[in-house]
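Asker: here is a sequence with its predicted model. Questions after.
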Amino acid sequence: MNQFRPIKLLVFILALLSPSSYADLYTATKYYQEQNYAKAYHEFYQLAQLGNGDAIYNLAVMSLHGQGTEKNLSLAHAWFALAGEYGIAEALKTAHLIASQYPDQQVLAQVLQETKNRYGYQYISEKFQPDLTQPLSSTVSLSRVFDKQPEYPEQAARQGLEGWVWLEFDIDHSGVVKNLVVIDDYPKNIFTSALINAVSVWRYDSGNPKKNHSLIYHFTTYKGKEYKRTLAFQQQDYHKEIRRHIDAAEQGNAQVQYYIANWLSSNDYNASRLLKYHWRDDSAYLTMLLASAKNNLPIAQYKLAMELLTSTEDKTQFNVALNWLKRSAASFAPAQYKLATLHSQQNSKIFAPNEATKWFKRSADNDIRAAKALSLHLYDHPNDEESLIDWLNKALSQDKNDPELLLLQAKLLRSSNTKESIKIAQLALKQAQKRGWDTAQIQKFMVSL
């Protein structure tokens, strides 16, 4: 009855991907094949919480044989029954076999119900399954009044390299881009500078500020014509590599699933054109992104959450997005920062200042935006457990000339040292003008002194 669902190990993936703190179906299965049952059970259990049917099936096998956990027939029966709910037909047969031989049907039913309440298809679907029947389109209306396209790096064009860069930034009242950070780039450090140089001078409509705007820019052959000329010489190897990626994705490699989702999100990649022979439906991008998210990749969970948050006003979809955001926030700093941002905004559905403080603090070690954001947040929403001065000093150590931080420092000195407050406010104004940032709040403060 040992029917463990194996995954063929692909050597090229081990070379392609660096070690990571998350575990997907691929690595969990690798632990199992190495007979590291305790670790395999733990990783399969993490995946089961997201509704990964293969992981649930494997938990059933391990509970049946006492691998990485105590042998437990009633729990094995429950896992097999749940795997059947996720479409694994052979799991139901095994569940029925165990049930026919188990002496206490009441215990069996009780364990099944308890397990179903936490990991059953209906429960998980309500929590994590977005509605992909309708294509998602952004509900955010942002208009750029000045637009500079990034230059396709000459070396990348010569080598036929394609990729993407994912940025997040704020837009102030005057339409200036600020507080810009890189969330992801692929390949690493190839296209990032080109995009940052362009986006840094973009200007949006004034009077429409936005926090934590997300932008993914695709550098594709449409913008790099050289690749079309060289592709004919590379096409056979290219097809082989695409086939290997498809195999890896279907066999449970979350990182490759995430890469494929990004390729499918644009029609202009050479990779996307080939991949769409395999994944033909219009929602293939989101389907693969969801697969990666269910496979416990934090950046995929965050990206899926962001897609849903910016694409729908539906309450059910919002709750699904929020669940994915919280799942990603367990380990991914940008998700922690986004969750803090949502909790900090008064017009947010989940406005909760104390929760914002908690999540800003949690993201501070790995997200350079957090110390500044928390300082500004604590000024409006003091918290007895956190020192505004300490967080302001930490933020200033990262950027001593940040106009918003200087203005905050001037406000804090206003009552105790007016002369120094004026001096710092003047410096804030000078730095804001230098960066092209909105100066209205600084000037308003200086008039009030």
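Answerer: Received, thanks. Numbers count the residues shown, from 1 in each chain.

Asker: so how many other residues sit close to residue 331?
Answerer: Residues lying near residue 331 (other Cβ atoms under 10 Å) number 16. (Each C-beta comes from the backbone N, C-alpha and C, glycine too.)

Asker: likewise residue 302?
Answerer: Residue 302 has 27 nearby residues by other Cβ under 10 Å.

Asker: in terms of helices and strands, where is it?
Answerer: helix 298-309 (DSSP states H and E).

Asker: name the helices or strands packed onto that helix?
Answerer: With contacts defined as 3 or more Cβ pairs under 8 Å, 6 or more residues apart in numbering; DSSP states H and E, helix 298-309 has these neighbours: strand 177-186, helix 254-264, helix 284-294, helix 315-329, helix 333-344.

Asker: how about stretch 101-111: buried residues?
Answerer: 108, 111 (16 or more other Cβ atoms under 10 Å).

Asker: actually stretch 113-127, not the one I typed
Answerer: For stretch 113-127, the buried set under the neighbour-count rule, 16+ other Cβ under 10 Å, comprises 115-116, 119-121, 124.

Asker: tell me which of those fall in helices.
Answerer: Among those, DSSP state H puts 115-116, 119, 121, 124 in helices.

Asker: show me what stretch 33-48 is in contact with.
Answerer: By Cβ atoms under 8 Å, 6 or more residues apart in numbering, the residues outside stretch 33-48 that reach it are 6, 9, 23-25, 27-29, 31-32, 54-56, 58-59, 62, 67-69, 79, 119, 294-296.

Asker: now a ChimeraX select for only the buried ones of those residues.
Answerer: Here is the ChimeraX command that selects the buried residues among the contacts of stretch 33-48 (16+ other Cβ under 10 Å):
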select :23,24,25,27,28,29,31,32,54,55,56,58,59,62,67,68,69,79,119,294,295,296
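
Asker: now the helix holding residue 302: buried residues?
Answerer: 298-309.

Asker: next, residue 215: secondary structure please.
Answerer: strand (DSSP: H, G, I helix; E, B strand; the rest coil).

Asker: cool, residue 95 as well?
Answerer: Going by three-state DSSP: residue 95 is helix.

Asker: now it. Nearest residue, chain neighbours left out?
Answerer: Counting by Cβ to Cβ, 6 or more residues apart in numbering, residue 95 lies nearest to residue 80, which is 3.8 Å off, once chain neighbours are set aside.

Asker: give me the mean pLDDT for the helix or strand harbouring that neighbour.
Answerer: Using DSSP H and E, residue 80 sits within helix 73-85. Across helix 73-85, pLDDT averages out at 97.

Asker: how far out from the middle of the chain is it?
Answerer: Relative to the mean C-alpha coordinate of its chain, helix 73-85 is positioned 31 Å out (Cα atoms, centre = their mean, to the nearest Å).

Asker: helices and strands around it, which ones?
Answerer: helix 53-65, helix 89-101, helix 105-119.

Asker: export stretch 373-388 to CSV, keeping only CA atoms.
Answerer: The C-alpha coordinates for stretch 373-388 follow below in CSV (Å, rounded to 0.1, in the frame of the first residue of the first chain):
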residue,chain,number,x,y,z
ALA,A,373,7.2,54.4,7.5
LEU,A,374,7.0,53.4,11.1
SER,A,375,8.4,56.7,12.2
LEU,A,376,5.8,58.6,10.3
HIS,A,377,3.1,56.2,11.5
LEU,A,378,4.0,56.5,15.2
TYR,A,379,3.8,60.3,15.0
ASP,A,380,0.1,60.0,14.0
HIS,A,381,-0.5,56.9,16.1
PRO,A,382,1.7,56.7,19.2
ASN,A,383,2.4,53.3,20.7
ASP,A,384,3.6,52.9,24.3
GLU,A,385,5.7,49.9,23.3
GLU,A,386,7.6,51.7,20.5
SER,A,387,10.0,54.8,20.6
LEU,A,388,9.3,57.2,17.8
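
Asker: now it: mean pLDDT?
Answerer: Averaged across stretch 373-388, the pLDDT comes to 96.

Asker: over to stretch 399-418?
Answerer: 97.

Asker: in that stretch, which residues are buried?
Answerer: Buried-residue list, stretch 399-418, by 16+ other Cβ under 10 Å: 399, 402-410, 412-414.

Asker: next, format those residues as CSV and append distance to residue 261 and secondary structure.
Answerer: Converted to CSV, the buried residues of stretch 399-418 look like this (distance: Cβ to Cβ, whole Å; DSSP: H, G, I helix; E, B strand; the rest coil):
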residue, distance to residue 261, secondary structure
399, 34, coil
402, 35, coil
403, 38, helix
404, 35, helix
405, 37, helix
406, 41, helix
407, 41, helix
408, 40, helix
409, 43, helix
410, 46, helix
412, 45, helix
413, 49, helix
414, 50, coil
